[in-house]
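J.: no sequence for this one, just the structure:
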C-alpha cells in the first residue's frame, strides 16, 4: 500500500483485486491514510482515482500539500484524478472530473465511469452517501464496487465514519468488503488506535496498535 | 461433516435431513468452515451446491485453493456446483450456474431449482439477503429451506453475520433451524470462540471452545 | 401435567381450564416439555392436539420416539392429533390434519376447528406466528385461545421463544395467559434454569430451579 | 379503601373523587388488590363496577371465591356489576352486563354508560386496551375517565402492567391519574414490593414495603 | 418569583420577559411550585393566567386551598384566571375561561388570546399536549410562547414531565426556554432534589438542593 | 478568533476558509462563545453576520451588552448584521435583516443571500432547524454552508445542542465540518469542560479543559 506498517499487517500489501474498508471515529486520520495511499500508488505509476465526496478537491489537494505530498505533477501526468462529487457543491464544478453526489441515480453511473478506468481508488466517504440517500442505497453502491473490481482488478480504500450509521449497516459493509481496519479514538487520552477486523489473507499481527499522525503522515506504534 | 471436532460435537455428524446455522462475528471464519464442509462432502461423493451470495464463485474458488482444497476436479465431476447469485454482480455471469440475488422473486425459484437436486448445500450468506430484501423475506426463505430438506433429505449450512440484523431476527433463525453454532470474536485478544447454541441430538460437549484458522483450515482447541 | 415436578410446582397440576405459557431461550427444551405433556395426557385418555407450527409433524414424531414416547399407537386411537401447520411447507401436506400457517386468515379458523374438539393442546410455537404475521395478530390469536378454553374447559401449553419479540409483546402474552414459566439459559455454563413467573393458584415453590434434559425427558433439580 | 394498610398510606383512604393507578409487574397481585377493594366497598353499600377486560367475569368470580370474597350476594343486591368486555371473547356473552372490547369505538360508550352509574370502579386492565388499540387511544380513555369522575364523584382503580408499554406511556398515565402505586417483583428472591409513586394528599409513609398475597388477600409488611 | 429560595437562585427573580421550564419526575411537586408562584404574583397585583391542561380548574383550586392559598378573592378581582383546557373534559365547561385542548388548531389561538392579556402565566403542562398532539406540535407551541412574551413582556412557568417524552424533545424544550430547573426523585429514599440546568442570568448557586413539600408549600434545603 | 486560548488551541486561529462546530450541552455557554467571537472579529473590521434562530436579535443584543460587548456602534458601521430568523416569531420582524425560519424553502435562500456577503458568521443554532424541519434538511444546509465558504472564504461558527439529535446526526455534522469542539457539563459538579474533537490543522493541545463563564466572557482553565 506504500505504507510500510500496513503492508506488514496485510502480509505484503492487499491482494489484487480487493478493497480495504477504513471505519474510523471522527478525527482519527481516515482521509490522511487515503491520501498517503493514493500518493504512494501514483508515484509507483498506477492510475488512481480519488472520489471527493465529503470535501472538495481543492481541500484535499491543500491537505496533501500540507503533508508533503504535492499531487500537482501526478495530476498532470494523469496518474491522479480527483473526481469532484463533493456533496456541499450546488453548481457545476470548475474541476475537470466531476459528478453530482446529490442525485443517487446520477452518482452511480458517474462513479462507475471513472471506476472502470482506474487501477487504484479511494472513496472518501461512503458515510455521507448513506446519510444523504439512505443506508440501503449506500450498501448497494458498496456491493457494485465489489463487482466492478472483479473486472478492473483494482485495489482501493472505502472510508466510513464510525457511529454515523446504524450498527447493522456498519457490520454489513464490513461483511461486504474483504479487508477492514478500525480506527478508534480514546476520548480520555485523545489517542488513536488501529485494529484489524478482517483480512482475506492470513495475518500474523493481532490486536490493537497506537497510531500517530503528524507532518510526515501516519505512523503505527509497536 | 468431515470436520473431526464438529463431528464429535454433533455426536457423529448432523442428522439427515438437517441444517446447521453458523452465526458468527465478522472475521471469524464462517466461510472457511463452509468451504471445508463442502470439500469434504464432495470428496465422499455427495452432490454439493454452494450458493455464492456475498462473494463471487471465483473468490470462493481462489480462497479454497489457498487453503489446499482445490475444487476444480470435483466441479468437473459435477460434485460441486457454485451457483453465482453474488449480489455485487450487475450483468449476466460467465458461470454455468447462476441467478439474480437482487430480485427476491427470481431468487427463490433459483435457489429452489438447484436445491432440489443436491444432497449437501451451503448458503453463504442469508445476511445479505436480509439486508437487501428485508428480514421477513430472508426468514421466509429460511423456512422454505426447512421445508425443502424434508423432501431432499439433504444436509447443509446457512451462514449469518452476527450483529448485522435485529436481535429478534437473529433469534428467529436460530429457532427455525435445528442446529446452531455461534462464532464469537473477542476484540481485545483477537481470539475466536465457538459455542453450541442448539442441537437436535443430545450433545455431551458444552460451553465454549477456542478456534484456530490457518492454512490447513479450522481447528478446535480443547 | 404428568411431569411430577411441574405438578408439584402448580400444586397438583394446572387448573381446568387454563393455559401454561412456556417462554424460553433457544435450546432450553421447550418442545421436549410439550411432547412429554402431550404423551402423558394422551396416555391418561385425554384427547390431545399438537399444533405443529415451527416443525413438521414428522420431525415432532421422530423426536418423541428418540425420547421414548412413541405416539403411533395413541395417534391410531385418536388420542393425539398432530395438526400440520408447519410454516416451512409450501404445498399440501400428506398429513391427515393440516392447515396453512402462511395465511393468517386461514390459520385462525383452522386452529379453532381443531381446538374445539380437544381436551389438551400444545401450540408450538406462537413465536413464528408473531414473526410472520406481526405481534398484534399473534396477540389476537392468544386472546382467542383464552376465550375458547372457557368453552372446551381444556388445558394446554403455548410455546414462545424468549428474545424473538419486542419486550412489550413478551409481557403482553404473560399477562394474557394464566400460568407462565420461564426457561433461561446461562450461556457461560450452558445450564438451563426454570422460573415460575405467574400462577393462578398459590404456589409454595419460589425462585429458580436447574433443569436437565436427557434421553428420559426433563428433570427438575432441587 | 377497605385495605387497612393502603388506607394508612393514603392518609385515611383516597380522596373523593379520585383514581388510583396500580402499575405492577406480571404476577404481583394487581387483580387481587382490585378484587379486595371492590368487595370491601360493596360490603359498605357502594355501587361498584368491575370492568373485566383481561379476564372473563367467571374467572374473576372464581378467583374472588377462592380468596374468600364470594360476590354472589352482592351481585344480587346490584352492588357489584361485572361488565364483560373480556378481549378474548368472540361472540355475545351470557353476562347481564357486557360490551365489545375489540372495537374501540364501541368500547368508549360502553365504559361511559356503566361508569356514570357507579360510585366505585375497577378497570382491569388498561394495558390490553393499549396493546390492542394503541397507546394513544388508551391514554385518551384514561383522560376521559378523569373527566367522568368529576361528575360521578366516584373512586376507583385502574390496573396497568409494568413493562408492557413504552416508557413514555407508563409515565403519561402516572401523570394523568392522581394516585399511583408501583408493584415490583424481585426476580431473584421472587418477592413483591409496593412503592408509592404519587399521592394527591400528603403522605407520611415513604419508600418501599414488602407485600404478601395468600388466602386472606394482600398484606403489607412493615 | 415570590418563592424566597428560587428568587435567590435566579439572582433576585427571573428577568422580564422570560420563561422558566420546570422539568420534573412524577410526584415531585411541579404543580405546587406553579400554584405558589401564581398566588404570590397575583397577591402583588400582577394579572395571572393558569392554563389548566392536565387537571380541571376545580382540582387546581381545591389543591391551592388545601395548601393555604385560596384563590377565590384574587379570581374575583380578575388577578387570577383559570383557563379550562383540561384534556379529560368531553363537553363545554362551566368555567368562565375555557378552550378545547383536544383540538390543536383550536388550542393555539385559545392560548394566544389569553396569553396576550397576562403579565404572569403558568402552562401546566406541555407534556400532555406533546403526548396527545405529538412532540413537534408541542415544540411549536413552546416556540410561539417565546415569541409572545417578547410582546407582552410577561414572566411565567411551563411544566413538563421528565421521562414522558423522547430525550431529544426534553433537550429541545430546555434549549428553547431561557431558564430551566430539574426536579429529580430518588426512588430509593423518596427524596426530591432541585437542580438548575440553565439560567439567563449568572447564578452563584450551583449543584443540587433538597426539596420539601408540605402544608406551607415548597421549601429548599441548604 | 479573538479568544486567546481558542487561538492557541487552533494554532493561531482557524484556517481560512473554515467552520467551527460547537456541540455543547444545555447551559454550557455556546452562545456566549459565538458572541465573543463575532464582537472580536467585527472590532477587527471584518463584516460579520449573526443568524439568530433560537433567540431574537433583541435577546442576543441584550446578552452581549450584559457581557460588556455592546454591538450598537458595530451595527451602525455595518460590521455586525443580526439576521432575525427567530423560530418563535409569527409575524414580520421590526429588524432590518430578517427571514422566516419556519419555512425551510424560504430559509435556505435567506441564509445564502446574507452568507455570500459576509467574512465571519455565526449560525445559532442548527439544532432548532433540525428539530423543526428534520435532520436530513439540517444536514443539507450544513453541507451547503461548506460549499458557500469556498466562495466567500469566510470563517464562522455553527452551534448545535448535544443530545437534541440522533447520535448519527451528531456525528454526521462533525464529519461535515472541519473543526469541532465539544462542551460537556458535569451534572454532579455543575462544571463545564471543553474538548477538541477535530481540527484541520495539527494541534499540540490535547484532552479536556475546564471552562469558566462570567461577566468578562469565556475563560479556559489550564
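T.: Perfect, thanks for sending it. All of these numbers come straight from a predicted model, not from anything done at the bench. Numbers count the residues shown, from 1 in each chain, chains lettered A, B, ... in the order given.
J.: Do a quick rundown of the helices in chain A.
T.: For chain A, applying DSSP state H gives helices covering A:4-9, A:30-43, A:57-66, A:72-76, A:104-115, A:126-133, A:135-152, A:167-176.
J.: Let me know the average pLDDT across the fourth one.
T.: Right, helix A:72-76. Average pLDDT, helix A:72-76: 97.
J.: Can you spell out which helices and strands pack onto it?
T.: helix A:30-43, strand A:80-84 (3 or more C-beta pairs under 8 Å, 6 or more residues apart in numbering or on different chains; DSSP states H and E). Every C-beta, even on glycine, is put in place using the N, C-alpha and C of the backbone.
J.: try it again with 7 Å
T.: Here helix A:72-76 touches no other helix or strand, going by 3 or more C-beta pairs under 7 Å, 6 or more residues apart in numbering or on different chains; DSSP states H and E.
J.: Then the third one?
T.: With contacts taken as 3+ C-beta pairs under 7 Å, 6+ apart, helix A:57-66 sits against helix A:30-43, strand A:80-84.
J.: weakest of the ones you listed by average pLDDT?
T.: Among the helices and strands packed on helix A:57-66, helix A:30-43 scores lowest, with a mean of 93.
J.: low pLDDT regions in chain A?
T.: A:1-3, A:5, A:8-9, A:11-12, A:201-206, A:213-219, A:222 (pLDDT under 70).
J.: Contact residues of it facing chain F?
T.: Contacts of chain A with chain F, taken as C-beta under 7 Å from any C-beta of the partner chain, map to A:26-27, A:54, A:56, A:87-90, A:127, A:131, A:161, A:163-165, A:190, A:214.
J.: Can you check which of the helices and strands packed on helix A:57-66 gets nearest to chain E?
T.: Among those, the nearest to chain E by C-beta to the nearest C-beta is helix A:30-43 (27.8 Å).
J.: now the angle from that closest one to helix F:167-176?
T.: Helix A:30-43 and helix F:167-176 meet at an angle of 50 degrees, taking axes from the mean of the first three to the mean of the last three C-alpha atoms, to 10 degrees as the criterion.
J.: Buried residues in helix A:30-43, which are they?
T.: Within helix A:30-43, the residues scored as buried using 16 or more other C-beta atoms under 10 Å in any protein chain shown are A:30-42.
J.: I'd like the distance from that helix to the chain centre, please.
T.: Remark: helix A:30-43 is offset 9 Å from the chain centroid, using C-alpha atoms, centre = their mean, to the nearest Å.
J.: tell me what it is packed against?
T.: Helix A:30-43 sits against strand A:18-24, strand A:48-52, helix A:57-66, strand A:120-124, strand A:155-161, strand A:217-221, with contacts defined as 3+ C-beta pairs under 7 Å, 6+ apart.
J.: contacts for the fifth one?
T.: Judged by C-beta atoms under 7 Å, 6 or more residues apart in numbering or on different chains, the contacts made with strand A:155-161 from elsewhere in the structure are A:14, A:16-24, A:26, A:30-31, A:34, A:37, A:120-127, A:142, A:173, A:177, F:171, F:175.
J.: at 8 Å what do you get?
T.: Under the criterion C-beta atoms under 8 Å, 6 or more residues apart in numbering or on different chains, residues A:14-26, A:30-31, A:33-34, A:37, A:118-127, A:142, A:145, A:149, A:170, A:173, A:177, F:171-172, F:175 lie in contact with strand A:155-161.
J.: now the residues you listed: which count as buried?
T.: Buried members of those, counted by 16+ other C-beta under 10 Å: A:14-15, A:17-26, A:30-31, A:33-34, A:37, A:118-127, A:142, A:145, A:149, A:170, A:173, A:177, F:171-172, F:175.
J.: Pick out the residue of chain A closest to chain D.
T.: Closest approach between chain A and chain D, counting by C-beta to the nearest C-beta: residue A:166, at 20.4 Å.
J.: what's around the closest residue in space to that residue that isn't next to it in sequence, how many residues?
T.: Leaving aside its sequence neighbours, residue A:166 sits nearest to residue A:135 (C-beta to C-beta, 6 or more residues apart in numbering or on different chains; 6.3 Å). Residue A:135: 21 surrounding residues under other C-beta atoms under 10 Å in any protein chain shown.
J.: Residue A:135 touches residue A:167, doesn't it?
T.: No - using C-beta atoms under 8 Å as the test, residue A:135 is too far from residue A:167 to be in contact (11.0 Å).
J.: just to revisit the earlier point, for the residue of chain A closest to chain D, grab phi and psi.
T.: Main-chain torsions, residue A:166, degrees, to the nearest 10: phi -60, psi 150.
J.: Quick check: it vs residue B:185, distance?
T.: Between residue A:166 and residue B:185 the distance is 20 Å, computed by C-beta to C-beta, to the nearest Å.
J.: Counting neighbours around each, name which of the two comes out higher.
T.: A side-by-side neighbour count of residue A:166 and residue B:185, using other C-beta under 10 Å, places residue B:185 first with 20 against 11.
J.: show me the contacts for that one.
T.: Listed by C-beta under 8 Å, 6+ apart, the contact partners of residue B:185 are B:25, B:26, B:27, B:28, B:191, B:192, B:193.
J.: The third one: neighbour count?
T.: Residue neighbour count, defined by other C-beta under 10 Å, stands at 19 for residue B:27.
J.: Same check on residue A:13?
T.: Using other C-beta under 10 Å, residue A:13 has 16 neighbouring residues.
J.: Might you report the residue contacts of the residue of chain A positioned farthest from its centre?
T.: Of all residues in chain A, residue A:188 has its C-alpha farthest from the mean position, at 27.0 Å, by C-alpha atoms, centre = their mean. The neighbours of residue A:188, taking C-beta under 8 Å, 6+ apart as the test, are residue F:207.
J.: again, but for residue A:51
T.: Contacts for residue A:51 (C-beta under 8 Å, 6+ apart) come out as A:83, A:85, A:111, A:114, A:121, A:122, A:123, A:124.
J.: Give me the neighbour count for the nearest residue to residue A:197 once chain neighbours are set aside.
T.: Computed as C-beta to C-beta, 6+ apart, the closest residue to residue A:197 that is not its neighbour in sequence is residue A:180, at 4.1 Å. For residue A:180, the neighbour count with other C-beta under 10 Å is 23.
J.: hmm, back to that, run a quick check on the residue of chain A closest to chain D versus residue A:134, I expect a contact.
T.: No - applying C-beta under 8 Å, one finds residue A:166 not in contact with residue A:134, separated by 10.8 Å.
J.: Give me the spatial nearest neighbour of residue A:143, chain neighbours excluded.
T.: Setting aside the residues directly before and after it, residue A:143 is nearest to residue B:88 in space (C-beta to C-beta, 6+ apart), at 4.2 Å.
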